[in-house]
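1. Predicted structure and sequence below. I'll ask about it afterward.
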Amino acid sequence: MDEKFSYVYKHAVRVARNVNVNPAMPRMAGRQIRRCNAPADNPEQYYQRNVAVPLINHIKAELVEQFSGNEFSG
């Protein structure tokens, strides 16, 4: 996933620079209960750990739930 995410992240950075937006991490709180707060050294690591991985895990769980126990009739 690291290589694929890096490719997507670099593309997003190029697109963002076209509209004068620089990549940055949000402020980190000492205690966070409403959202992810995994530590990261740079914006790419932050977005991978706190956005991409949870999103992929959520999609995977939803697909498993949607299709578990169902038999396709065709």
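-> Everything's here; your move. Because the structure is predicted, anything quoted here is derived from the model rather than measured.

2. Run through the chain and note the low-pLDDT ranges.
-> Where the chain drops to pLDDT under 70, the residues are 28-30, 32, 35-36, 70-74.

3. which residue is nearest the centroid of it?
-> Ala52 (1.5 Å; C-alpha atoms, centre = their mean).

4. Please identify the helix or strand for the spatially closest residue to that one that is not a sequence neighbour.
-> Distances taken as C-beta to C-beta, 6 or more residues apart in numbering place Phe5 nearest to Ala52, at 5.5 Å, with adjacent residues excluded. From N, CA and C alone the C-beta is placed, and that goes for glycine too. Following DSSP states H and E, one finds Phe5 within helix 2-18.

5. buried set for the following helix or strand past that helix?
-> Later in the chain than helix 2-18, the nearest helix or strand by DSSP H and E is helix 43-47. Buried residues in helix 43-47, counted by 16 or more other C-beta atoms under 10 Å: 44, 46-47.

6. and after helix 43-47, which helix or strand comes next?
-> Toward the C-terminus, helix 43-47 is succeeded by helix 53-67 as the next helix or strand (DSSP H and E).

7. now that next one against helix 2-18, angle please.
-> With axes from the mean of the first three to the mean of the last three C-alpha atoms, to 10 degrees as the basis, helix 53-67 and helix 2-18 are set at 120 degrees to each other.

8. buried ones in stretch 52-64?
-> By 16+ other C-beta under 10 Å, the buried positions in stretch 52-64 come out as Ala52.
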